[in-house]
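Participant: The amino acid sequence is not available; the structure is as follows:
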């Protein structure tokens, strides 16, 4: 008989994305094979870390060793399935915590999470590897806003984005110089750092890359066609977009972006899930950003891509756990 593994599914988080994360986490909870795993829903919020049972009763997490006590029995976890979008699950904090406790987790490493969550740092690291990106202008909270300098550098229209935020929170497409200040104020509500980027007019695609059965695997590409001015929150989550998998690309475009997405994954030494966003300009893919804890519902982009590759939701989640357990065993042997 196979000994079942205790799996903590962490969800929630400290950012505007917590509701989406709860949805993703519950999908993981409902999907995991009960013959192999004992899944536990763990809500991570600023004011509480709690285990939530099927009756929605809450029990506190002991942060000293990330354990729970149920009816006098201490329960520890063999692996953590990370379903927290945004902070602290996608920016390196939870990764560092679990790595200190030597608990395997399904997401990338602490450094990779911190770098990819910081758009400015991530793009700066990848540029020397030949990765094309939009022209950008940086602002920190408190800086003098020189509207003329911004427009001279990036042109109009442009995108004003919070540097460290996901799901298109804090993002505005600006068409006129006089609208810059309002867009900057929106971005500063999400983060104290901003990136302002030139508008790239072209086909937008999303490329999932995962470690699947030991190999870096690029999933079928998704083309994003937004009904709104860009792929904003409504387009992502409220049905205001078409997500076409596989994307309508030429064979050459498909090959170029596949090679690029895999290169980025390997250059950054990623593990677990990743979803990179690109826009094609003059036939070349330009990187927008990388997500390391993408949405995990059946309707989410990466699971759609996995399905197109013949990988079911159950297999996708099982593989993520098995890969993290395998990596943990390898690191123990090295030690």
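Facilitator: Thanks, I have it. This is a predicted model, so every value here is computed, not measured. Residues are numbered from 1 along each chain as shown.
Participant: Run through the residues that contact the nearest residue to residue 300 once chain neighbours are set aside.
Facilitator: Closest residue to residue 300 apart from its sequence neighbours, by Cβ to Cβ, 6 or more residues apart in numbering: residue 294 at 6.4 Å. Every residue, glycine included, has its C-beta placed from N, CA and C. Residues near residue 294 by Cβ atoms under 8 Å, 6 or more residues apart in numbering: 85, 208, 273, 274, 275, 300, 301, 302.
Participant: Check residue 317 too.
Facilitator: 28, 31, 32, 81, 296.
Participant: Which strand residues bridge residue 174?
Facilitator: residue 158 (DSSP bridges).
Participant: Would you check that it makes contact with residue 161?
Facilitator: No: assessed by Cβ atoms under 8 Å, residue 174 is found out of contact with residue 161, at 10.7 Å.
Participant: For those two, work out which one has more neighbours and name it.
Facilitator: residue 161 (28 against 22; other Cβ atoms under 10 Å).
Participant: chain center to the host helix or strand of the more buried one: distance?
Facilitator: Per DSSP states H and E, residue 161 falls inside strand 158-162. The chain centroid and the centroid of strand 158-162 are separated by 18 Å under Cα atoms, centre = their mean, to the nearest Å.
Participant: so what secondary structure elements neighbour that strand?
Facilitator: Using 3 or more Cβ pairs under 8 Å, 6 or more residues apart in numbering; DSSP states H and E as the contact definition, the elements that strand 158-162 packs against are strand 171-174, helix 180-188, strand 193-198.
Participant: Touching that strand from outside, list them.
Facilitator: So strand 158-162 is contacted by 119, 134, 150-151, 169-174, 180, 183-184, 186-191, 193-199, 230 (Cβ under 8 Å, 6+ apart).
Participant: Show the buried residues in the residues you listed.
Facilitator: 119, 134, 150-151, 169-174, 180, 183-184, 186-188, 190-191, 193-199, 230 (16 or more other Cβ atoms under 10 Å).
Participant: Helices of the stretch 1-150 of the chain, residue ranges please.
Facilitator: 18-31, 93-101, 110-117, 119-126, 147-154 (DSSP state H, counting those that start in this stretch).
Participant: err, the stretch 151-300 of the chain, not the other one
Facilitator: So, for the stretch 151-300 of the chain - with DSSP H, counting those that start in this stretch - the helices run 180-188, 233-237, 251-267.
Participant: can you tell me the average pLDDT over the second one?
Facilitator: Taken as a whole, helix 233-237 has a mean pLDDT of 47.
Participant: now the longest helix belonging to the chain and helix 93-101, what's the angle there?
Facilitator: The longest helix of the chain (DSSP state H) is helix 313-334. Computed by axes from the mean of the first three to the mean of the last three Cα atoms, to 10 degrees, the angle separating helix 313-334 from helix 93-101 equals 40 degrees.
Participant: Check which residues of helix 313-334 are buried.
Facilitator: For helix 313-334, by 16+ other Cβ under 10 Å, it's 313, 315-324, 327-328.
Participant: Could you list the residues in contact with stretch 41-51?
Facilitator: Here stretch 41-51 has contacts from 8-14, 18, 22, 25-26, 29, 40, 52-53, 58-61, 63, 68, 70, 84, 88-89, 94, using Cβ under 8 Å, 6+ apart.
Participant: If we use 7 Å, what do you get?
Facilitator: Contact partners of stretch 41-51, identified using Cβ atoms under 7 Å, 6 or more residues apart in numbering, comprise 8-14, 25, 29, 40, 52, 58-61, 63, 68, 84.
Participant: Got a quick PyMOL command for the buried subset of the residues you listed?
Facilitator: Of the contacts of stretch 41-51, the buried ones go into a single PyMOL selection, burial set by 16+ other Cβ under 10 Å:
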select buried, resi 8+9+10+11+12+13+14+25+29+40+52+59+61+68+84
